[in-house]
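Chemist: Next one to model:
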Amino acid sequence: MELKEIKTVGIAGAGTMGAGIALVCAQASFKVILFDINQTVLDSAQKSNLSILNKMLESSRIDQNLYNSTLDNITYSSDISNLKSDLIIEAIIEKPEIKISLFQQLIDLNGIDTIYATNTSSIPITQIAAGISLPQNLVGIHFFNPAHIMKLVEVIKGAKTDQKIVDQSVNFVKSLKKQPVVAADAPGFIVNRIARLYYVESLKALEENVCDFETLDKVMESSGFKMGPFKLMDLIGVDTNYSVTESQFKLFNFEARFRPSRIQKQKVEAGLHGRKTKGGFYNYE
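Modeler: Numbering: from 1, shown residues only. Okay, here's the model as predicted:
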């Protein structure tokens with residue numbers, strides 16, 4: 001394995017996280033290919049990124065040159081054969097078997113000199129790596145939502161991840177002007193292990209009719225949190241948040257403190273996934 005300088009970044013999955021990661025990388029002068037099998041999702045990602053850049057330009061957070069170069073740096077594609085890059089970051093559904101299948105396709109397409117990264121927030125890196133032919137090339141690079149704002153990025157080393165891959169991933173995150181932290185391949189890594197209870201305990205309080213969710217959000221925000229748990233779940237995606245809670249519940253051997261909420265499950269089943277569906281705990285119509 002001979003690691004190349006990272007010049008091109010592929011993003012697999014054009015949902016909220018994938019689109020945001022693509023935008024961040026493009027702003028940092030990387031050539032980016034954003035891939036998704038769903039053209040509608042790709043179109044939505046392109047529209048969202050354009051909207052974010054327009055707001056940045058209007059508020060003078062970026063100038064016209066950076067605005068133009070960022071747009072020029074992103075290619076949107078629904079053809080996986082175009083996803084050839086020095087670094088590929090996966091940001092798809094939180095299901096190990098689907099991630100494994102995708103990574104093996106990407107390995108067959110790109111080979112041993114590419115870094116393969118997963119943006120998973122809950123699935124062990126070692127578990128994914130065990131199903132692919134290049135486990136030493138797989139690393140966790142976990143961004144937080146919204147990716148263009150949040151500074152922290154977790155870099156997770158699997159049991160077989162080559163240390164050179166970890167080091168280059170840390171340097172890559174720094175090049176994005178983000179703050180990397182190296183985490184062990186433990187359930188929830190660092191942030192989600194701590195943050196999971198922010199959501200779970202708030203949902204328990206709601207289940208037990210302690211108060212309504214708007215009040216819980218106000219209490220947490222007045223206590224110093226920038227966003228209450230229910231607003232945050234709507235932003236992240238109620239379905240994504242629920243999936244991570246389910247995963248962590250299993251990884252912690254069904255400890256009661258990580259039990260998924262019936263209320264959250266009901267929202268998911270009703271298709272109320274938050275901002276992206278115009279309704280979750282709050283209405284965004």
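
Chemist: by contact count, what packs against the worst-scoring helix or strand of the chain on mean pLDDT?
Modeler: Here the helix or strand of the chain ranked lowest by mean pLDDT, DSSP states H and E is helix 238-251, holding a mean of 91. Helix 238-251 sits against helix 191-207, helix 262-269, with contacts defined as 3 or more CB pairs under 8 Å, 6 or more residues apart in numbering; DSSP states H and E. C-betas here are computed from N, CA, C, even on glycine.

Chemist: helix or strand for residue 117, which one?
Modeler: With the criterion set as DSSP states H and E, the secondary-structure element containing residue 117 is strand 115-118.

Chemist: what's next to that strand, contact-wise?
Modeler: 3, 6, 86-90, 99, 103, 106-107, 125, 128, 132, 134, 137-141, 165, 168-169 (CB atoms under 8 Å, 6 or more residues apart in numbering).

Chemist: In strands, which of those residues appear?
Modeler: Those of the contacts of strand 115-118 mapping onto strands are 87-90, 138-141, per DSSP state E.

Chemist: So which residues of the stretch 51-200 of the chain form helices?
Modeler: Counting by DSSP state H, counting those that start in this stretch, the segments of the stretch 51-200 of the chain that form helices are 64-73, 96-110, 125-129, 163-175, 191-207.

Chemist: wait, which of those helices is closest to residue 79?
Modeler: Closest to residue 79 of the helices of the stretch 51-200 of the chain is helix 96-110 (CB to CB; 11.1 Å).

Chemist: which secondary structure elements does the closest one contact?
Modeler: Contacts defined by 3+ CB pairs under 8 Å, 6+ apart place helix 96-110 against strand 8-12, strand 87-90, strand 115-118, helix 125-129.

Chemist: at 10 Å what do you get?
Modeler: strand 8-12, strand 87-90, strand 115-118, helix 125-129, strand 138-142 (3 or more CB pairs under 10 Å, 6 or more residues apart in numbering; DSSP states H and E).

Chemist: For the third one, what does the pLDDT average out to?
Modeler: Mean pLDDT, computed over strand 115-118, is 98.

Chemist: Equivalent analysis for the second one, please.
Modeler: Average pLDDT, strand 87-90: 98.

Chemist: Quick one: list the elements packing against it.
Modeler: With 3+ CB pairs under 10 Å, 6+ apart as the test, strand 87-90 has strand 8-12, helix 16-27, strand 31-35, helix 96-110, strand 115-118, strand 138-142, helix 163-175 packed against it.

Chemist: just the first one next, same as before
Modeler: Taking 3+ CB pairs under 10 Å, 6+ apart as the contact definition, the neighbouring helices and strands of strand 8-12 are helix 16-27, strand 31-35, strand 74-77, strand 87-90, helix 96-110, strand 115-118.
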